[in-house]
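Undergrad: Return atomic coordinates for the entry below.
(one chain, ligands or ions: 1)
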Amino acid sequence: MKAATLDITTAARDGHYAVGAFNVFDYVSMKAVISAAARLHSPAIIQISARTAKAIGPVLIAQMFSDLAARVDVPLALHLDHCPDVQLISDVIDAGWQSVLFDASHLGFDEARQLTRAVVAKAHPRGVAVESEIENILGVEDGVGSNEARHAYSVEQLVETARYTHTDLLAPQLGTAHGLYTSDPVLHPERVTEIRALTDMPIVLHGGTGLSAAEFRAFIGAGVSKINISTQIKRSYMSAALADLGSAREAERWEPLPVFDAVAEAVSAAVEPLLRVFAGKAV
Ligand code: 13P
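TA: Residues are numbered from 1 along each chain as shown. Here you go, the predicted structure:
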């Protein structure tokens, strides 16, 4: 069932677990994540990159989501991932999505604050929650972001900015990066503890692909309430499609539907262990 992003994430915060936010790319992967969440009786956030939102269209995505969410009884929200584009955010608000990440990490401190505040002022009257990112999470996610560290602020600056802008969820830099890790990241769960001492706003961990269960637990123990996973879903999706297409070619089987089944199975299989870890259960 459809639920507000803030309700899902504050319940996670109060229950000392995290809700998974999984990037999906089409109906097949969206359905696979929602089925996995329903099987495990777990809330989840369906996350869409700005590139995917533009490719499919915010209205069609909202329709697919509404249809699938209505069939299950776990709380689900539709969320726009990293978006610096204010027009796309408006379109998503009009289409009835539950939340957006306004990515202001490419801007200087003052401009980031002003624009984030303006986005929140547009979103809140429509019941849409805003996640804010003013430091940059390393790595490029679907064409948005940078491999260079651009801004780093004190936790006091982050929290004061979140208050000033009336942001709902906060995405600080915690040592993680988008994409695959080529060397061990230096993680900063202690930063979560420091932020939680100043605010009870739900905190978001980006760059979840490649972290171990123990690393997730350290972040959840410190107070992270939403964990983003994208690359792992992409890899599961593409590997399953590649394998199925390979066997289809060998067998001269020119049928698209088995490819979708293989992709759905692989995406669900990638998501289920993560949902267990995020819920605090043994994998
Ligand atoms: P990964 O691609 O590393 O899983 O990161 C996902 C993410 O943070 C999306 O915002």
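Undergrad: what's the nearest residue to residue 123 if we skip its chain neighbours?
TA: Closest residue to residue 123 apart from its sequence neighbours, by C-beta to C-beta, 6 or more residues apart in numbering: residue 130 at 5.1 Å. All C-beta spots, glycine's among them, are computed from the backbone N, C-alpha and C.
Undergrad: burial measure for the one you found, as a count.
TA: Close neighbours of residue 130, defined as other C-beta atoms under 10 Å, add up to 27.
Undergrad: Contact partners for the residue nearest to residue 181 when sequence neighbours are not counted?
TA: Leaving aside its chain neighbours, residue 181 sits nearest to residue 210 (4.6 Å; criterion: C-beta to C-beta, 6+ apart). With contact set as C-beta atoms under 8 Å, 6 or more residues apart in numbering, residue 210 has these partners: 180, 181, 231, 232.
Undergrad: what residues does the protein put near the ligand?
TA: By C-beta under 6 Å from any ligand atom, the residues of the chain that approach the ligand are 23, 81-82, 141, 178-179, 206-209, 228-232.
Undergrad: Check those and tell me the two furthest apart.
TA: The span of the residues of the chain next to the ligand, defined through C-beta to C-beta, is set by 82 and 232 at 16.8 Å.
Undergrad: The two - which one has more neighbours?
TA: Between residue 82 and residue 232, counted using other C-beta under 10 Å, residue 82 has the larger neighbour count: 30 against 19.
Undergrad: which of the contacts of residue 210 lies closest to the ligand?
TA: Taking C-beta to the nearest ligand atom as the measure, residue 231 is the one of these closest to the ligand, at 3.4 Å.
Undergrad: what about that closest one, how many residues close to it?
TA: 19.
Undergrad: In contact with the nearest residue to it once chain neighbours are set aside, which residues?
TA: Excluding the flanking residues, the one nearest residue 231 by C-beta to C-beta, 6+ apart is residue 209, at 3.9 Å. Counting by C-beta under 8 Å, 6+ apart, residue 209 makes contact with 178, 179, 180, 229, 230, 231, 232, 235.
Undergrad: make it 7 Å
TA: By C-beta atoms under 7 Å, 6 or more residues apart in numbering, the contact set of residue 209 is 180, 229, 230, 231, 232.
Undergrad: The fourth one contacts residue 176, doesn't it?
TA: No - look at residue 231 against residue 176 with C-beta atoms under 7 Å: they stay out of range, at 11.4 Å.
Undergrad: For the residue nearest to residue 231, grab phi and psi.
TA: Dihedral angles of residue 209 (phi, psi; degrees, to the nearest 10) stand at phi -60, psi 130.
Undergrad: same deal with residue 261?
TA: Given degrees, to the nearest 10, the pair of backbone angles that residue 261 has is phi -60, psi -40.
Undergrad: Just give the number of residues close to residue 162.
TA: Under the neighbour criterion other C-beta under 10 Å, residue 162 is assigned a count of 24.
Undergrad: which residues sit in contact with it?
TA: 132, 170, 199, 201.
Undergrad: Also residue 147?
TA: Residue 147 neighbours (C-beta under 7 Å, 6+ apart): 138, 139, 140.
Undergrad: What does the pLDDT read for it?
TA: You'll see residue 147 listed with a pLDDT of 71.
Undergrad: Against residue 187, how distant is residue 235?
TA: 21 Å (C-beta to C-beta, to the nearest Å).
Undergrad: now residue 251
TA: 45 Å.
Undergrad: Residue 171 too?
TA: 15 Å.
Undergrad: from memory residue 203 sits against residue 170, does it?
TA: Yes - using C-beta under 7 Å, residue 203 is in contact with residue 170, at 5.4 Å.
Undergrad: list the residues that contact both of the two?
TA: Both residue 203 and residue 170 are contacted by residue 195, under the criterion C-beta under 7 Å, 6+ apart.
Undergrad: Give me the more crowded residue out of the two.
TA: More crowded of residue 203 and residue 170, by other C-beta under 10 Å: residue 203, with 26 against 23.
Undergrad: who's the more buried one bridged to?
TA: Beta-bridge partners recorded for residue 203 (DSSP bridges): residue 170, residue 224.
Undergrad: For the nearest residue to residue 141 once chain neighbours are set aside, give me phi and psi.
TA: Closest residue to residue 141 apart from its sequence neighbours, by C-beta to C-beta, 6+ apart: residue 178 at 4.4 Å. As for residue 178, its main-chain torsions (degrees, to the nearest 10) stand at phi -70, psi 150.
Undergrad: check contacts around residue 178.
TA: Taking C-beta under 7 Å, 6+ apart, one finds 137, 139, 140, 141, 145, 206, 207, 231 in contact with residue 178.
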